[in-house]
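Visitor: below is the sequence, then the predicted model.
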Amino acid sequence: MAYGPSNNTGQFVPSTNVWDVSQIYSADINSAEFKELFVRLYQTINNVAVVLNNKESGTYSNQEFINTRSYTDPANYNQTMLRPSWRTVFFGGALGPGVTTFAHNLPITASWNAGEIYGEATDNIGFNYYPMSWVGTGGAYLSVRVTGTDIVIDNETGVVFTEYKVVLVFLKA
């Protein structure tokens, strides 16, 4: 008797598990068949927990948030020693030409590693939307970088943006 899937490829939980309820009602609770049912139920619940814990959380908040991404520890490259990553988002208003610097207030230490640094700038008046890794012609660009204390945005696009956001993902010790 088959009660459900025994494996999960690609971190997806099947939505079509078929459990024959009539067999559950008619099974002797001391039988091997009934015990097999509980094993399959346990495997299914475990599969859901594993997949749920390995999926990335889609919360982009201005508070530090563990996002469930795990990275190989860069100190030893051991695939079994994964480090969790933390994400925080910084939202800002107008972004004019030149360099804009502001404090990120993160207690960065030597044991931290950057996972990702990215952002975007929006001009809701002229309908211009740029990633903060944009490079144009004639020396035009928009970039973001992080120091131990600050976030530095360099806007050499010629566009005055109405708002921006910067996303930082870090691996902590």
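Guide: Good, I have the coordinates.

Visitor: thought residue 85 was touching residue 65?
Guide: No - assessed by Cβ atoms under 8 Å, residue 85 is found out of contact with residue 65, at 9.9 Å. Bear in mind the C-beta positions are built from the backbone N, C-alpha and C, glycine included.

Visitor: and those two? Which one has more around it.
Guide: Counted by other Cβ atoms under 10 Å, residue 85 and residue 65 do not tie: residue 85 has more neighbours, with 21 against 16.

Visitor: show me what contacts that one?
Guide: By Cβ atoms under 8 Å, 6 or more residues apart in numbering, the residues touching residue 85 are 66, 67, 69, 70, 71, 115, 169, 170, 171.

Visitor: pairing partners for it in the sheet, please.
Guide: Beta-bridge pairing of residue 85 under DSSP bridges involves residue 171.

Visitor: find me the pLDDT at it, would you?
Guide: Per-residue confidence (pLDDT) for residue 85: 83.

Visitor: okay, residue 40 and residue 133: tell me how far apart.
Guide: Look at residue 40 and residue 133: by Cβ to Cβ, to the nearest Å, they are 48 Å apart.

Visitor: for the chain, longest helix please?
Guide: Looking across the chain with DSSP state H, the single longest helix is helix 32-54.

Visitor: buried stuff in the helix or strand residue 121 falls within?
Guide: Here residue 121 sits within strand 113-123, counting by DSSP states H and E. For strand 113-123, the neighbour count (16 or more other Cβ atoms under 10 Å) marks 113, 115, 117, 119, 120, 121, 122, 123 as buried.

Visitor: would you list those residues in CSV and tack on pLDDT and distance to residue 158?
Guide: Below are the buried residues of strand 113-123 laid out as CSV (pLDDT from 0 to 100; distance: Cβ to Cβ, whole Å):
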residue, pLDDT, distance to residue 158
113, 85, 34
115, 86, 31
117, 95, 23
119, 97, 18
120, 97, 17
121, 97, 12
122, 96, 15
123, 95, 11
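
Visitor: and these, which two are the farthest apart?
Guide: Greatest spatial distance among the buried residues of strand 113-123 (Cβ to Cβ): 113 and 123, at 32.9 Å.

Visitor: ok so, going back, work out the gap between the longest helix of the chain and the centre of the chain.
Guide: 26 Å (Cα atoms, centre = their mean, to the nearest Å).

Visitor: which of the residues in that helix are buried?
Guide: Result for helix 32-54 [16+ other Cβ under 10 Å]: buried residues 37, 40, 43, 44, 47.
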